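J.: Could you look at this predicted model? Sequence included:
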Amino acid sequence: MSWVLDNLDLIGSLALEHLRQCLLPLVLGFVISIPLGWVAYRFRLTRGVILTIVGLLYTIPSLALFAILPTVFGVGFLSETNLVIALTVYAVAILARSVADALGSVDPEVRQAAVAIGYGPWRRFWGVEFPLAGPVVLAGLRVAAVSTVALATVGILIGVDNLGYLFTNGLQRRIVPEVLAGTLAVMLIALLVDVLLVLAGRALMPWTRRRRAARAPLERMALRAGGAV
Amino acid sequence: MNLFLDAFAWIFAPDRLAGSVPLPLAIGQHLAYTAVSVLVAGLIAVPLGWAIGHTGRGREVAVAISGAARAIPSFGLLVLLVLVFGVLHKPEAAVTSFVLLAIPSILAGAYTGFEAIDRRVIDAGRAMGMTEWQILWRIEVPLGLPLLIGGLRSAALQVVATVTIAAYVGLGGIGYYIIQGVPLRRFDQILGGALVVVAVALVLDGLFALLQHLVVPRGVAAGRAPELRTTSSRRRAAVESSTT
Amino acid sequence: MFTARNKGRLALGAVAVGVALALSGCAAGDPLDPGQPSTGEGSDTIVVGSQAYYSNEIVAEIYAQALENAGFTVERNFSIGQRDAYLPSLEDGSIDLFPEYTGNLLQFYDADATATESEAVYAALKAALPEGLTVLDQAPATDQDSYNVTKAFADAHSLTSLEDLAGLDVPIVLGGAPELEQRPYGPTGLADFYGVEVSFQATGDTTVEELVAGTITMADVYSADPRIQTEGLVTLADPKGLFLASNLVPLVNADIASEIADVINAVSAKLTPEGLVALNVRSTVDQASTPDIAADWLAEQGLV
């Protein structure tokens, strides 16, 4: 315990680094998944291919993905950019499926009603389908966020400093509180991000506060996303 | 093209059969750790998940555990257990960390598998006079198998990925080549190792997907149309989730 | 799931991914060469870097504090990792100063170097460094690979030097970092220089414990590791020069070398082998923080 108190500034600065490294992949992942998920939902032919590719990407172990990405994007193997791209890939893998399922879960009658009123496709998407799909997308986003925060620690193996540093340094020096502090810090940050997303969801989607009915399918979707490593 | 060719050349070079960790041995170690861990985790999580799914009690706790477990950094847990167990008990520490990481997915697969079953089928079973045990083994377990296999699949892939990282603490496995290749500056080795572990992951994923398809009871598969346009999102999600 | 249609899609998806990967693999250069790292800092800030090794980080922090005491503005960029990651940054000026080890660095730039003595290695290193990089004075402290056995094992077989291993009738298992297997001073070097056949086990960060426990016979331990003394290990002598001497040496960007030479050379002069071990003890045994260790050492040496 005294180790933690003596090194709060180290833990704090690493935690901030960690958050910073996780933010961009989540934003990028979210932005990329919306059109991707929409295409998968809208065009039945592409759904299989997109979700299959995305699913395959998700099965790739992180350390292996770090090695493959430099060949595709020309980034350095031992760089933060490599980590950010890898985290984005995993986030897209989770979110694309979420978005596709979420759009699919919107009641077709509501969509037909929107058409009947005269909404064009753009307005229908942003005004009706996406907001209604919101809760499921949020569930996927929470899963992606928590997974990203936990996964980013592997970055230390490619020389990117974040909370993962506490694991390798703690192992080298045999300081258990250091490794424990790192683990708990990651979990706390993941929890924090999760809570922030829930609050953001309640703020942006006030109509969902009463809704309990959609729990089970949400969980099943979250289960499918599984845990990333 | 040259990077991938170099990697393939590395994979198939005869040197791979020599050295302190020949490639086939590394693959074997990797699969062995995965198999043992998923098995042990399954022995713990499946009965527990079935109990939760059948009785409906303890659900909130299970959901909370599954959610919280996703936040655990697997690398951190591994290093922590290696330090706590003592560096001379690395395999035990590693397997323990793999088991702990695999349990949440399998648990979730077990209880959501039961929850996805139409309540009316269970009511029908009760109406026919089945005992609780009969309902469990004749209705719930077979119908819940696809989602359970899905959970096992998820867990297995997560363990494969963690075993890859475990090479950092000297556990062997395919990750050994990636970890060794970094200070040696051999990208063909790094990429070669990465491609091998990806191949292993994909094969495992395919096997589980096949298994998931095969365990759907014949009666259920026959009655299901490939594309459903139901208005009930719940039923739709229930069907879709078993055809992952 | 595996209907004909789905199988077709799966195959199509896999082929698409495969083609994309194959095509892209053509374009990329060497992924271990980061190319253009971030642009350098303002010329009045000295950026000090370190390896992902706690001992190296302590020396880097000592450099940093010494420079700050002399009035420089210092920025720290620690735990960067492998040489491939930080050497280009040193060359282009985004990092100015880095604690390095003469022998290992020489082998990095010139894998066929033949020098093994401390002075010879230092001279060869100076010659081998690329334009834009130079080294200041080397310190007496060394932190190099060394082969160690337990005292019990050394006594039982009367071992004092690597030469004594040749006639040994017990199988020797060598433990160390995974890359040791392929290093020139690894198993192949032992066979070539001393005629000793060893089998290898990658033990990484747990090497010393495994040596003490007996799961390996001989271990590659850094000479400044305090556990050589605390665990009573015997370092086997290396008369044939299998290992290059590896003194602690400041690697600097040539442009700022003259500015900081006085401060850093004063630090290097006081960094003795025992002193380095003592610093490592403070980190692992006392679990003190790096800045505290560095500040205390500078005060003790009268350099602050």
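T.: Received, thanks.
J.: Please report the confidence value the model assigns to residue B:181.
T.: Predicted confidence (pLDDT) at residue B:181: the value is 85.
J.: Could you identify the helix or strand that succeeds the helix or strand containing it?
T.: Following DSSP states H and E, one finds residue B:181 within helix B:175-184. Sequence-wise, the next helix or strand downstream of helix B:175-184 (DSSP H and E) is helix B:187-214.
J.: Check which helices and strands that next one sits against.
T.: For helix B:187-214, the contact count by 3 or more Cβ pairs under 8 Å, 6 or more residues apart in numbering or on different chains; DSSP states H and E identifies helix A:44-59, helix A:62-73, helix B:2-12, helix B:23-55, helix B:141-166, helix B:175-184 as packing neighbours. In short, each C-beta sits where N, CA and C put it, glycine included.
J.: returning to what we had before: any bit of the helix holding residue B:181 sitting next to chain C?
T.: Yes: judged by Cβ under 8 Å from any Cβ of the partner chain, helix B:175-184 comes into contact with chain C at B:176, B:179, B:180, B:182, B:183, B:184.
J.: what sits against the fifth one?
T.: So the one you mean is residue B:183. Neighbour list for residue B:183: C:82, C:177, C:179 [criterion: Cβ atoms under 8 Å, 6 or more residues apart in numbering or on different chains].
J.: which residues touch the helix or strand containing residue C:292?
T.: Residue C:292 belongs to helix C:290-300 when assigned by DSSP H and E. Contacting residues not belonging to helix C:290-300 are listed as C:54, C:57-58, C:61-62, C:64-66, C:69, C:267, C:275, C:279, C:282-283, C:304 [Cβ under 8 Å, 6+ apart].
J.: cool, stretch B:14-33 as well?
T.: If you take Cβ under 8 Å, 6+ apart as the criterion, stretch B:14-33 is touched by B:10-11, B:94-95, B:98, B:159-160, B:163-164, B:166, B:171-177, B:196-197, B:200, C:181, C:199-202.
J.: Counting neighbours, show which residues of it come out buried.
T.: When neighbours are counted by 16 or more other Cβ atoms under 10 Å in any protein chain shown, the buried residues of stretch B:14-33 are found to be B:16, B:20, B:21, B:23, B:25, B:26, B:27, B:29, B:30, B:31, B:33.
J.: from those, which single one is nearest chain C?
T.: Out of the buried residues of stretch B:14-33, the one with the shortest distance to chain C is residue B:20. That distance is 4.1 Å, counting by Cβ to the nearest Cβ.
J.: So that closest one, which state does it fall into?
T.: The local conformation at residue B:20, judged by DSSP: H, G, I helix; E, B strand; the rest coil, is coil.
J.: measure it to chain A for me?
T.: Counting by Cβ to the nearest Cβ, to the nearest Å, the separation of residue B:20 from chain A is 20 Å.
J.: Need the per-residue pLDDT for that residue.
T.: The predicted local distance difference test score for residue B:20 is 76.
J.: can you check residue C:35 too?
T.: Per-residue confidence for residue C:35 comes out at a pLDDT of 47.
J.: And residue B:222, by the same measure?
T.: We have a pLDDT of 65 for residue B:222.
J.: And for residue C:290?
T.: Each residue has a pLDDT score; the one for residue C:290 is 88.
J.: Likewise for the one 4 residues further on?
T.: Note on residue C:294: pLDDT of 92.
J.: burial count for it?
T.: Close neighbours of residue C:294, defined as other Cβ atoms under 10 Å in any protein chain shown, add up to 23.
J.: Three-state assignment for the closest residue to it other than its chain neighbours, please.
T.: Taking Cβ to Cβ, 6 or more residues apart in numbering or on different chains, and ignoring the residues beside it in sequence, residue C:294 has residue C:61 as its nearest neighbour in space, at 4.0 Å. The local conformation at residue C:61, judged by three-state DSSP, is helix.
J.: Could you measure from residue C:211 over to residue C:233?
T.: For residue C:211, the distance to residue C:233 equals 7 Å [Cβ to Cβ, to the nearest Å].
J.: any shared contact partners between those two?
T.: Among the neighbours of residue C:211, those also in contact with residue C:233 (Cβ under 8 Å, 6+ apart) are C:148, C:149, C:150, C:219, C:221.
J.: Looking at these, spot the one nearest chain A.
T.: For chain A, the closest of the shared contacts of residue C:211 and residue C:233 turns out to be residue C:221, at 13.1 Å, with distances computed as Cβ to the nearest Cβ.
J.: Do I have it right that residue C:66 meets residue C:303?
T.: Yes: look at residue C:66 against residue C:303 with Cβ atoms under 8 Å: they come within range, at 6.1 Å.
J.: Quick check: residues of chain A near chain C?
T.: Counting by Cβ under 8 Å from any Cβ, chain A sits next to chain C at A:3, A:6-7, A:10, A:48-49, A:52-53, A:56, A:68, A:70-79, A:156, A:158-159, A:161, A:165, A:168-169, A:171-175.
J.: Now residue C:197. Its backbone dihedrals?
T.: Backbone dihedrals for residue C:197, given as degrees, to the nearest 10, come out at phi -100, psi 130.
J.: among the contacts of helix C:290-300, which ones are buried?
T.: When the contacts of helix C:290-300 are checked for burial by 16+ other Cβ under 10 Å, the buried set is C:54, C:57-58, C:61-62, C:64-66, C:267, C:275, C:279, C:282-283.
J.: Return the member of those residues nearest to chain B.
T.: Scanning the buried ones among the contacts of helix C:290-300 for proximity to chain B, where the rule is Cβ to the nearest Cβ, the winner is residue C:54, at 14.7 Å.
J.: sorry, back to before: out of residue C:211 and residue C:233, which sits in the more crowded spot?
T.: A side-by-side neighbour count of residue C:211 and residue C:233, using other Cβ under 10 Å, places residue C:211 first with 26 against 22.
J.: Confirm the more buried one sits in a helix?
T.: Yes: secondary structure of residue C:211, determined by three-state DSSP: located in a helix.
J.: how far away is the residue nearest to it when sequence neighbours are not counted from residue C:205?
T.: Sequence neighbours aside, residue C:219 is the residue nearest to residue C:211 in space, at 4.0 Å (criterion: Cβ to Cβ, 6+ apart). According to Cβ to Cβ, residue C:219 and residue C:205 sit 12 Å apart.
J.: and these two? which has more neighbours close in?
T.: Taking neighbours as other Cβ under 10 Å, residue C:219 and residue C:205 compare with residue C:219 leading, 26 against 18.
J.: Report the buried residues of whichever strand or helix holds that one.
T.: Using DSSP H and E, the element containing residue C:219 is strand C:218-222. Neighbour-count burial for strand C:218-222 flags C:218, C:219, C:220, C:221, C:222 (criterion: 16+ other Cβ under 10 Å).
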